[in-house]
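Q: With the sequence up front, the predicted model follows.
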Amino acid sequence: MRIDKYLWCVRYYKTRNMVTEACKKNHVTVNGQVAKASKEVFPTDKITFRKDQITQIITVLDIPESRVGAKLVDIYRRNDTPAEVYQHLELLKLSKEHYRKNGTGRPTKKDRRDIDEFGNIIVEDEEEDSLL
């Protein structure tokens, strides 16, 4: 089965066109070699691809006939991606939401004044430390 069809069948990508684009950008490798969308995959092949800031590593267990349901995906692949990668992604999500909530837009005038005041406090503290 072609690599683009396989990744689509096991639900890593929503469309085959998305997989083809990933292959054109050299985001997909099979057994350590960059793969074109037409590359054939076989059981025991190790596929590595980059998606959503994560480098996924999967091993092909079996070839599906067509696109499978989400509950049946584990029959056809084994996810070898380290758990640390997923933890790192969670930290990235939390750090983005730390300062401002999603959808709140640009900083208000009050926010900007608070930021400037905070910066001035740090500078004043450093100047006092250097005088001592």
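A: Great, that's in hand. Residues are numbered from 1 along each chain as shown.

Q: The closest residue to V73 other than its chain neighbours: neighbour count?
A: Nearest non-adjacent residue to V73, counting by Cβ to Cβ, 6 or more residues apart in numbering: V10, 5.2 Å away. Quick note: C-beta positions are derived from backbone N, CA and C, even for glycine. Using other Cβ atoms under 10 Å, V10 has 23 other residues around it.

Q: Kindly report the same for F118.
A: F118 sits with 9 neighbouring residues when counted by other Cβ under 10 Å.

Q: Using PDB, write out the CA atom coordinates for stretch 41-61.
A: Backbone C-alpha positions of stretch 41-61 (Å, rounded to 0.1, in the frame of the first residue of the first chain) are rendered in PDB as follows:
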ATOM      1  CA  VAL A  41       4.900   0.300   2.900                       C
ATOM      2  CA  PHE A  42       5.000  -3.200   4.300                       C
ATOM      3  CA  PRO A  43       4.500  -4.700   7.700                       C
ATOM      4  CA  THR A  44       7.400  -4.100  10.100                       C
ATOM      5  CA  ASP A  45       8.300  -0.800   8.300                       C
ATOM      6  CA  LYS A  46       9.100   2.100  10.700                       C
ATOM      7  CA  ILE A  47       7.400   5.400   9.600                       C
ATOM      8  CA  THR A  48       8.500   8.700  11.100                       C
ATOM      9  CA  PHE A  49       6.600  11.900  10.300                       C
ATOM     10  CA  ARG A  50       6.300  15.400  11.700                       C
ATOM     11  CA  LYS A  51       2.700  16.600  12.400                       C
ATOM     12  CA  ASP A  52       1.500  19.300  14.900                       C
ATOM     13  CA  GLN A  53       5.000  20.000  16.200                       C
ATOM     14  CA  ILE A  54       5.500  16.300  17.100                       C
ATOM     15  CA  THR A  55       7.700  13.800  15.400                       C
ATOM     16  CA  GLN A  56       5.500  10.700  15.400                       C
ATOM     17  CA  ILE A  57       7.200   7.300  15.100                       C
ATOM     18  CA  ILE A  58       5.000   4.300  14.200                       C
ATOM     19  CA  THR A  59       5.500   0.700  13.200                       C
ATOM     20  CA  VAL A  60       3.300  -0.900  10.500                       C
ATOM     21  CA  LEU A  61       1.700  -4.100  11.900                       C
END
